[in-house]
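Asks: Everything below, folded, please.
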Amino acid sequence: MKSEQPLLAVNNLTHLWAPGKGFEHVSFELFPGEVLGIVGESGAGKTTLLQAISTRLKPQQGSILYQGNELYGLSESERRHLLRSEWSLAHQHPRLVFIDEPIDGLDMSVQSRLIELVRELDLAVVIASDDLAVVRLLAHRLLVMKQGRVVESGLTDRVLDDPHHPYTQLWVSSVLS
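Replies: Next up, the predicted model:
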């Protein structure tokens with residue numbers, strides 16, 4: 001799954017609009033064909049982070065590299081072209097897809113088909129969700145967010161089966177029980 005260069009590299013990304021609102025110091029890499037889950041309670045910063053890495057919200061600090069190119073170093077028209085050509089679901093063969101909690105309300109058969117499709121197409125996906133069952137099935141790696149910070153990250157099964165951070169332990173036990 002891992003190639004030498006990540007498809008997406010997020011480094012020390014921050015965007016706060018009030019204390020504890022937004023996200024700060026987030027870093028991760030996403031490789032072609034990999035699915036990254038972002039989980040956390042409501043208000044943890046998942047959606048704001050997704051907006052920043054998909055170029056819909058300019059972060060206050062940090063960098064986002066797509067195939068080695070700084071996203072916010074591109075002109076507005078170059079970013080729009082990227083959204084239409086390589087990231088958009090309307091594009092025939094996207095390489096990178098951002099999903100913000102759209103599958104939580106789908107029935108299990110539709111969720112299963114979506115999971116199969118992501119795997120068949122070998123897409124790189126960043127998914128923000130509160131549905132740990134779906135994230136467990138879909139995501140290779142997981143970021144757990146609390147109050148705008150990543151408190152734990154790692155392989156999905158390791159994070160969910162053996163959480164180390166007290167927040168992750170509490171959240172996983174309350175959601176999965």
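Asks: what sits against the spatially most central residue of the chain?
Replies: Nearest residue to the geometric centre of the chain (Cα atoms, centre = their mean): Val126, 3.2 Å. Contacts for Val126 were tallied using Cβ atoms under 8 Å, 6 or more residues apart in numbering; they are 8, 30, 35-36, 38, 50, 53, 96-99. Just so you know, the C-beta spots here come from the backbone N, C-alpha and C atoms, and that holds for glycine as well.
Asks: Ser109 versus the nearest residue to Trp87 once chain neighbours are set aside, what's the distance?
Replies: Spatial nearest neighbour of Trp87, excluding adjacent residues (Cβ to Cβ, 6 or more residues apart in numbering): Leu96 at 5.1 Å. According to Cβ to Cβ, to the nearest Å, Leu96 and Ser109 sit 26 Å apart.
Asks: Who has more neighbours out of the two?
Replies: Shown here are Leu96 and Ser109; by other Cβ atoms under 10 Å, Leu96 has more neighbours (20 against 8).
Asks: what's across from the more buried one in the sheet?
Replies: Under DSSP bridges, the beta-bridge partners of Leu96 are Ala124.
Asks: Go through stretch 44-57 and flag the buried ones.
Replies: 44-55, 57 (16 or more other Cβ atoms under 10 Å).
Asks: now for the worst-scoring helix or strand of the chain on mean pLDDT, which elements pack on it?
Replies: Least confident element among the helices and strands of the chain, by mean pLDDT, DSSP states H and E: helix 108-121 (a mean of 76). Helix 108-121 sits against helix 132-138, with contacts defined as 3 or more Cβ pairs under 8 Å, 6 or more residues apart in numbering; DSSP states H and E.
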